[in-house]
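Undergrad: pasted the sequence and its predicted model underneath.
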Amino acid sequence: HHLQEIPDFTLDKVATCVLDEADRLLEMGFAMQIRQICRSFRMEQCQMLLFSATMPKVLVEFTKTGILEDPQVVRLDQEVSVSDELRIAFFTCRSFDKDAAFLHLMHSVLPTISTDGTLGLTLIFCATRHHVEY
């Protein structure tokens with residue numbers, strides 16, 4: 001309803017719309033709101049990306065409602081292999097030790113992980129945005 005309450009507010013210049021956890025948004029009943037937002041775009045110039053770890057029926061049905069023009073599905077499942085170079089680790093520590101543990105990983109552990117001598121890329125997940133702001 002916010003789109004209707006602000007007189008000069010439009011989304012007609014949006015080039016890309018990304019909805020992460022699209023399946024959850026639809027399962028929580030936001031299909032009508034998503035359709036309303038989509039109608040505010042110039043769909044001929046807006047790319048709509050719906051991300052989901054699963055492909056539930058509600059998401060498949062939403063893509064077939066006519067809101068999206070020529071929807072494409074990109075799947076990563078059993079047929080896609082994970083690189084042998086990928087290393088995954090999970091660390092737990094007490095809350096007050098997190099900063100020290102993170103600094104130790106960044107300075108001492110991560111630079112030595114690569115087997116071919118090159119420095120690889122690292123992706124670190126945190127619970128909330130608050131936990132990564134310094």
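TA: Okay, I see it.
Undergrad: so residue 101: helix, strand or coil?
TA: With DSSP: H, G, I helix; E, B strand; the rest coil as the basis, residue 101 sits in helix.
Undergrad: what about the nearest residue to it once chain neighbours are set aside, how many residues close to it?
TA: Spatially, and ignoring its direct neighbours in sequence, residue 101 is nearest to residue 93 (4.8 Å; CB to CB, 6 or more residues apart in numbering). From N, CA and C alone the C-beta is placed, and that goes for glycine too. Residue 93 has 11 neighbours, counted by other CB atoms under 10 Å.
Undergrad: ok, now residue 62?
TA: So residue 62, with other CB under 10 Å, has 20 neighbours.
Undergrad: what sits against it?
TA: 22, 26, 31, 34, 50 (CB atoms under 8 Å, 6 or more residues apart in numbering).
Undergrad: tell me where the longest helix sits in the chain.
TA: Longest helix of the chain, by residue count under DSSP state H: helix 31-40.
Undergrad: and the contacts of the helix or strand following that helix?
TA: For helix 31-40, the following helix or strand on the C-terminal side (DSSP states H and E) is strand 47-50. With contact meaning CB under 8 Å, 6+ apart, strand 47-50 is reached by 15, 16, 17, 18, 19, 22, 38, 41, 59, 62, 63, 68.
Undergrad: which ones are touching the first one?
TA: When contacts are counted by CB under 8 Å, 6+ apart, residue 15 is found next to 45, 46, 47.
Undergrad: apply 10 Å and report the result again.
TA: Residues near residue 15 by CB atoms under 10 Å, 6 or more residues apart in numbering: 41, 42, 45, 46, 47.
Undergrad: ok, the second one next?
TA: Residue 16 is in contact with 41, 45, 46, 47, 48, 49, counting by CB under 10 Å, 6+ apart.
Undergrad: using TSV, lay out those together with distance to residue 88, neighbour count and pLDDT.
TA: Shown next, in TSV, are these (distance: CB to CB, whole Å; neighbours: other CB atoms under 10 Å; pLDDT from 0 to 100):
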residue	distance to residue 88	neighbour count	pLDDT
41	37	20	83
45	39	11	82
46	35	17	84
47	31	11	85
48	31	20	83
49	25	11	85
